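S.K.: My questions are about this predicted structure, shown below with the sequence.
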Amino acid sequence: MTLHASLPVGTIPKTDGNEENLVTESTTVPFGLSRMRPFPYAVVLGSATVVLDPKTQTGRWLGQDGLDITELDRHKRSETSKETKTKTSLDGSADEGGDQQGDSD
Amino acid sequence: MTSSPVLVVTQLDDATADGVIEELNRRSVPVVRLDPGDFPAGVTVDARLGDVGLAGRVRTTTRAADLDQVRSVYWRRPSPYSTPEGVDAQDSRWCVEQARYGLGGLLATLPRAHYVNHPWRNRDAEYKPAQLATAARSGLHVPPTLLTNDPDRARQFTHEYGPVVYKPLRNTDYADRDGHGLTVWVEEVEPRALGAGVAQAMHLFQQRVTKVADIRLTAVGDRLFAVRIDGSPGLDWRRHYDDLGYTLIDTPSDVAKGIRTYMDAFDLTYGAFDFGLDPDGLWWWYECNPNGQYAWFPDPVTSRITAAIADELQHPHRDTP
C-alpha cells in the first residue's frame, strides 16, 4: 500500500483485482471520481412489500406482518436507500428523470 | 373524454406518483398504471398500425387502455425493462432492446396523449451542455462554466473565475466496495487537485455563485412554484435536508419569461429548476431536471404541485391557446 504515498493528488492505484496491474500500472483516476462521497445517512427500516391496489392503482405498502403501513411511515420509508425517494438525490440512487433506472426511455 | 384514461408510467414503488393518482381518483379521472419493467410477463400489447394510424390495446394485470384513447401520460420512474426467466445474458439484452424500441416506442407515440413529460424530451433535456446553452439563450443568468478534459484549461479557469465548483455531467449509480452508494456533491475545487485526472474524463467546472439562499422552482405548465431554501450549512442543500427551511416566493417576471422560453425549447410540461440567489437578488440558473422530485416539500407546497400535475393530466389542452 506504499503505492498510495507516491501518487499525485487525485490518483489511486488501479484496483480491478488484477495484481499485475496493481504493481506495474497505477492508473490516474478521473478527477470526478475522486470527488465521490457517501450519502449523509441511510436509515434502514424493516422490509416492506409494495403491492398494487387494483382499484385505486396506487401502491399499498405492507409491513412484515402483512398490515398496511401508515402514510407517515410510508414517507419515512421513502427516504431510505431501499426504496423510491421522494427527495432529490438523497441516498444511493441518482435523481435523473427518464432514466431513473438505467432506462434511457 | 370522460372515459379516456390517464396512463401513469412508473414502478410500483413510487409514493410521488401515488399522490397524483390519489388526486385523480378524487376527481374520478380513470387511471391505468403501467410499469414497462413488468413486460412481458405482466403487460400484454396488441397494437395495430396501418392507414388508420395507431390503434390497439395495452393491458396490465389489472387494467387495460386503448392506445388511441389515452388522454395523457405521466412519465415518472419506470423500472428497467426485464426479460423472461431462463434467458441468457446476450438473449436478455436482445429482449430488452426489442421491448425498449417496441413497447417504449408505442408508449411514446400515443396519438392523442399529452405527455408530462414526453420521455424523449426528458432525455434531450438531461444533457447539461444543451441545458446550459438553452438557459443562456432563454435569458436566464448562467454562471461561467467550462467543460474540458484539459488539465491546463481547468487550472486556468479556476485562476480566472475561482472559486469554482465541479459538477458531474450525469448522476449514475456508484457504490463503494461494501455496496454503499456514493455520489458527487457540489463542493469547491482546490486548483492543486486539478492534475492528470482531469484528462481522464469529461468534466464540468463552474464559477461558484455567491449566494444567500437556494431556490427550487417547480414548473408545471404555466404554473411556477418557487421555493426559497434557507439553512443549508454547505454549498449543496441536498446534503442537509434536516436543516432546511422552505418558503414559497414569487418568481420575478424576467425569470418566469426565461423559464417559459426554456420549457418551450425542450417541449417540457414539467421541470424542476435550481437557482442560487445572490446578495443583489439575482437568480443564477444552475440546472433543470425535467423529471425532478418534489414530494419532499412541506405539504402545502407538495399538494399544490400534485394538484397542478393532476390538472395537466386531467385537462390536457389547458395550456393550448
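M.R.: Nice, thanks for sending it over. Numbering: from 1, shown residues only, chains lettered A, B, ... in the order given.

S.K.: Run a quick neighbour tally on the residue in the stretch 51-200 of chain B positioned nearest to chain A.
M.R.: The nearest approach of the stretch 51-200 of chain B to chain A comes at residue B:181, 2.8 Å away (C-beta to the nearest C-beta). In this view, the C-beta of every residue, glycine as well, is placed from N, C-alpha and C. If you count neighbours by other C-beta atoms under 10 Å in any protein chain shown, residue B:181 ends up with 19.

S.K.: That one against residue B:175, yeah?
M.R.: Yes - assessed by C-beta atoms under 8 Å, residue B:181 is found in contact with residue B:175 at 5.4 Å.

S.K.: how far is the top helix by length along chain B from where the chain is centred?
M.R.: What stands out as the longest helix in chain B, according to DSSP state H, is helix B:89-107. Distance of helix B:89-107 from the chain centroid (C-alpha atoms, centre = their mean, to the nearest Å) equals 23 Å.

S.K.: So for it, what gets flagged as buried?
M.R.: Going by neighbour count (16 or more other C-beta atoms under 10 Å in any protein chain shown), the buried part of helix B:89-107 is B:95, B:96, B:99, B:100, B:103, B:104, B:106, B:107.

S.K.: Now tabulate those residues in JSON lines and tack on pLDDT and distance to chain A.
M.R.: Formatted as JSON lines, the buried residues of helix B:89-107 follow (pLDDT from 0 to 100; distance: C-beta to the nearest C-beta, whole Å):
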{"residue": "B:95", "pLDDT": "94", "distance to chain A": "14"}
{"residue": "B:96", "pLDDT": "95", "distance to chain A": "9"}
{"residue": "B:99", "pLDDT": "96", "distance to chain A": "10"}
{"residue": "B:100", "pLDDT": "96", "distance to chain A": "6"}
{"residue": "B:103", "pLDDT": "97", "distance to chain A": "9"}
{"residue": "B:104", "pLDDT": "97", "distance to chain A": "4"}
{"residue": "B:106", "pLDDT": "97", "distance to chain A": "11"}
{"residue": "B:107", "pLDDT": "98", "distance to chain A": "8"}
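
S.K.: Quick check: next helix or strand after the longest helix of chain B?
M.R.: Heading C-terminal from helix B:89-107, the first helix or strand you meet, by DSSP states H and E, is strand B:114-116.

S.K.: pLDDT averaged over that following strand, what's the number?
M.R.: Mean per-residue pLDDT for strand B:114-116: 97.

S.K.: near chain A, which residues of the stretch 201-321 of chain B?
M.R.: By the rule C-beta under 8 Å from any C-beta of the partner chain, the part of the stretch 201-321 of chain B lying against chain A is B:201, B:203, B:238-241, B:272, B:289-296.

S.K.: Go again with 10 Å.
M.R.: B:201-205, B:216, B:236-242, B:270-272, B:274, B:289-297, B:302 (C-beta under 10 Å from any C-beta of the partner chain).

S.K.: domain parsing for chain A?
M.R.: Here the domain assignment for chain A is A:3-35, A:39-86, based on automatic domain parsing.

S.K.: looking at those domains, which one has the lowest mean pLDDT?
M.R.: domain A:3-35 (a mean of 54).

S.K.: Distance-wise, check residue B:46 relative to residue B:54.
M.R.: Residue B:46 is 12 Å from residue B:54, where distance means C-beta to C-beta, to the nearest Å.

S.K.: Pull up the overlap in contacts between those two.
M.R.: By C-beta atoms under 10 Å, 6 or more residues apart in numbering or on different chains, residue B:46 and residue B:54 have these common neighbours: residue B:67.

S.K.: More neighbours: these two, which one.
M.R.: The neighbour count for residue B:46 versus residue B:54, taken as other C-beta under 10 Å, is higher for residue B:54 (15 against 11).

S.K.: Tell me if the strand or helix carrying the more buried one is near chain A.
M.R.: Assigned by DSSP H and E, residue B:54 falls within strand B:53-59. No - between strand B:53-59 and chain A, judged by C-beta under 10 Å from any C-beta, nothing touches; the nearest distance is 12.7 Å.

S.K.: next SSE after that strand?
M.R.: Following strand B:53-59 in sequence order, the next helix or strand is strand B:64-66 (DSSP H and E).

S.K.: Look up the closest residue to residue B:306, ignoring the ones flanking it.
M.R.: Sequence neighbours aside, residue B:19 is the residue nearest to residue B:306 in space, at 4.9 Å (criterion: C-beta to C-beta, 6 or more residues apart in numbering or on different chains).

S.K.: Enumerate every residue touching residue B:212.
M.R.: With C-beta under 10 Å, 6+ apart, residue B:212 has these contacts: B:228, B:230, B:276, B:277, B:278, B:279, B:280, B:281.

S.K.: I'd guessed residue B:204 sits against residue B:132; true?
M.R.: Yes - using C-beta atoms under 10 Å, residue B:204 makes contact with residue B:132 at a distance of 8.7 Å.

S.K.: Between the two, which is the more surrounded one?
M.R.: Between residue B:204 and residue B:132, counted using other C-beta under 10 Å, the more crowded position is residue B:132 (20 against 17).

S.K.: What pLDDT is listed against the residue sitting furthest away from the middle of chain B?
M.R.: Note on chain B: the largest C-alpha distance from the chain mean falls to residue B:51, namely 35.1 Å (C-alpha atoms, centre = their mean). Note on residue B:51: pLDDT of 89.

S.K.: quick one: terminal-to-terminal distance for stretch B:287-305?
M.R.: For stretch B:287-305, the first-to-last residue distance is 19 Å (C-alpha to C-alpha, to the nearest Å).

S.K.: meant to ask about stretch B:243-262
M.R.: Using C-alpha to C-alpha, one end of stretch B:243-262 lies 31 Å from the other.

S.K.: Now find how far off-centre it is within its chain.
M.R.: Centroid separation between stretch B:243-262 and its chain, computed with C-alpha atoms, centre = their mean, is 17 Å.

S.K.: mean confidence for that stretch?
M.R.: Taken as a whole, stretch B:243-262 carries a mean pLDDT of 96.

S.K.: now do stretch B:155-164
M.R.: Stretch B:155-164 comes out at a mean pLDDT of 96.

S.K.: and that stretch, which residues are buried?
M.R.: By neighbour count with 16+ other C-beta under 10 Å, stretch B:155-164 contains the buried residues B:155, B:157, B:158, B:161, B:164.
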